[in-house]
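Enquirer: here is my input; please provide its structure:
(one chain, ligands or ions: 1)
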Amino acid sequence: MVINKRFYIIILSVIVLTGFLATSLIGYFVAKDSLTERLQQEMLPLTSDNIYSEIQRDLLQPLLISSLMANDVFVFDWVNNGEKDATKMTSYLAQIQKKYNTITSFFISEKSRLYYHPTGVLKKVSEANEDESWYFEAKKSHHPYVINIDRDTADQRRLSIFVNYRIEDKSNNFIGIIGVGLALQSVVELIENYQKRYGREIYFVNRQGEVMLRSSQYQSELHTKNKAALDKAFVKILTSPSASFSLKTENGSTLYLNSRLVPEFDWYLIVEQVNDPSSDRIETAFIINMTVALVISVIVLLLAHIAVRGYHERLESMATQDKLTGATSRQVFEFYFKQAVSRCRRRDESLTLVLLDIDLFKLINDNYGHQAGDLVLTRIAQLIKSHVREEDIVCRWGGEEFLLLLAGCDLERARGITEIIRAAVAGLQFHFNNHVVRVTISAGLAEMQQSEAFAQVVERADHHLYEAKHAGRNCIKPDGESDVASGLQRAG
Ligand SMILES: Nc1nc2c(ncn2[C@@H]2O[C@H](COP(=O)(O)OP(=O)(O)OP(=O)(O)O)[C@@H](O)[C@H]2O)c(=O)[nH]1
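Expert: Sure thing, here's the model as predicted:
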């Protein structure tokens, strides 16, 4: 029974904990997967879309200004007149720069190859000079304009975005390149702003994979440490206009990457994020879930344990106690007897069995009903218990029979106790149907002899009980006091 109880609790614990663990783990992985998916499919591409659209918006005005300049009649007339007065062009450019608040404005004439700037004529562009290749690329281009990011000719320290707008006359003859320059700083600020707001790494790489533009918080250490993995990633980035993927960094965290080509710059915009912060929240939620699950499991198991123990104790008492009188049941008496025998043998003590029977009990049932009989049985059981020690066993042996196990008690002492019980029962009064009813008991006593079996001792006590009944009831008969013919038989 004990093993079963333990087994039941263990099985219950395993089921409850496995259940909680399984649901928490499933929840955790589903949340993590959907988060990764959201990050890769939505959040990072959205950031890069936002940045790209802001860049496009920033470029819109300079493009418009450059387009207006490329179509300005003044420019055509001035070139057609042989670029006579350079100050006219330089002050035109200065006016544009001032009016639209650009960092520079310029015109390069195809005929003279002179570079006009608000401050004057800066130089003559030449195909031989690699730094001036932008002019010849724009000249060859099929697009109306080419955007170039370069050092400013007037200020070599500054990286600028140049809108190189092609000028063509009515007959599509190439006249030159005109346009304005913007500070790249506004793009840097954009990156900084996004980086601060979302904690994501944002930078631009050129088609060779070199980092061209980055924020001040760019973690070059992370990129150097994970160079091998990132190099592999860049093969993917540089071969596709947009890509989204993740890679494991050398410290075990996950790096999510999204790339998109910014055709205006011919650069790739990269948005990166190491371990999504929401993933930390999912982990915290998982830990909380598990703690709650553990606490609930412990409470459930504790309650189950209490319930099982109560149930177990009830079953035990049902099996070991007589329901009506609360006396020990007959099934377990022999067990107690054997225990008492070995104890008495160890201590060299006597042990006496007393078989008590209520006299003419049937008449009580017959005259006053079964309930009256039950009451008599219960009262007599209580009375017997109150006259013996705690460790003595009072067993309901049969219908109206009680068997007493008096350990450490010889025949003489047992006789004395039984006599007291007999007298006490005789003194009891019951009131049934306005009648005062008295009951008596008879008893047979047998002291256990050396190497005597349980059945033999009981049989002797039973025999003496029969003698007591035969002697007229309301008396007790112990071993060695047989005053009845030895041929007496127990009637039943
Ligand atoms: N009320 C009640 N009666 C019971 C219970 N168990 C047994 N009995 C009755 O007890 C009676 C015992 O009757 P008998 O064996 O004839 O014995 P008796 O009437 O006591 O006569 P003697 O033993 O010869 O003095 C029977 O009528 C049983 O039905 C019980 O739990 N409650």
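
Enquirer: low-confidence ranges, the stretch 51-200 of the chain, go.
Expert: Residue ranges of the stretch 51-200 of the chain with pLDDT under 70: 152-157.

Enquirer: repeat for the stretch 301-450 of the chain
Expert: In the stretch 301-450 of the chain, no residues with pLDDT under 70.

Enquirer: near the ligand, which residues of it are found?
Expert: The interface of the stretch 301-450 of the chain toward the ligand, taken as CB under 6 Å from any ligand atom, is made up of 324, 357-362, 365, 370, 373-374, 377, 399-400. Backbone N, C-alpha and C define where each C-beta goes, glycine included.

Enquirer: list buried residues within the residues you listed.
Expert: 357-359, 361, 365, 373, 377, 400 (16 or more other CB atoms under 10 Å).

Enquirer: how far does the host helix or strand of Ile287 sit from the chain's center?
Expert: Using DSSP states H and E, Ile287 sits within helix 277-320. Computed by CA atoms, centre = their mean, to the nearest Å, the separation of helix 277-320 from the middle of its chain amounts to 15 Å.

Enquirer: show me what it is packed up against.
Expert: helix 2-38, helix 330-347 (3 or more CB pairs under 8 Å, 6 or more residues apart in numbering; DSSP states H and E).

Enquirer: measure how it sits relative to helix 330-347, angle-wise.
Expert: 80 degrees (axes from the mean of the first three to the mean of the last three CA atoms, to 10 degrees).

Enquirer: sort out for me which of the residues of the stretch 301-450 of the chain next to the ligand are in strands.
Expert: 357-358 (DSSP state E).

Enquirer: tabulate the helices and strands packed on helix 277-320 (CSV), appending mean neighbour count.
Expert: As requested, the helices and strands packed on helix 277-320 are exported to CSV (neighbours: other CB atoms under 10 Å):
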stretch, mean neighbour count
helix 2-38, 13
helix 330-347, 14
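
Enquirer: now do the closest residue to Val354 other than its chain neighbours against the ligand, distance only.
Expert: In space, Val354 comes closest to Leu404 once its chain neighbours are excluded; the distance is 4.0 Å by CB to CB, 6 or more residues apart in numbering. In this view, Leu404 and the ligand are 17 Å apart by CB to the nearest ligand atom, to the nearest Å.

Enquirer: wasn't Leu404 part of a strand?
Expert: Yes: Leu404: assigned to a strand according to DSSP: H, G, I helix; E, B strand; the rest coil.

Enquirer: do you know how far Leu445 is from Leu122?
Expert: Plainly put, Leu445 is 136 Å away from Leu122 if you go by CB to CB, to the nearest Å.

Enquirer: who has more neighbours out of those two?
Expert: Higher neighbour count among Leu445 and Leu122: Leu445, with 28 against 15, using other CB atoms under 10 Å.

Enquirer: in this structure that one contacts Ile417, no?
Expert: No: between Leu445 and Ile417 there is no contact under CB atoms under 8 Å: 9.7 Å.

Enquirer: identify the contacts common to those two.
Expert: Taking CB atoms under 8 Å, 6 or more residues apart in numbering as the contact criterion, the common neighbours of Leu445 and Ile417 are Val354.

Enquirer: neighbours of Thr102, how many?
Expert: Thr102: 22 neighbours (other CB under 10 Å).

Enquirer: so in terms of bridging, what pairs with the closest residue to the ligand within the stretch 101-250 of the chain?
Expert: At 79.2 Å from the ligand, Lys248 is the closest residue in the stretch 101-250 of the chain, using CB to the nearest ligand atom. Beta-bridge pairing of Lys248 under DSSP bridges involves Thr254.

Enquirer: now the strands: where do they sit in the stretch 101-250 of the chain?
Expert: Residue ranges of the strands in the stretch 101-250 of the chain, as given by DSSP state E, counting those that start in this stretch, are 104-109, 114-117, 120-124, 145-151, 159-168, 174-183, 201-205, 211-214, 242-248.

Enquirer: with that, I have no additional questions.
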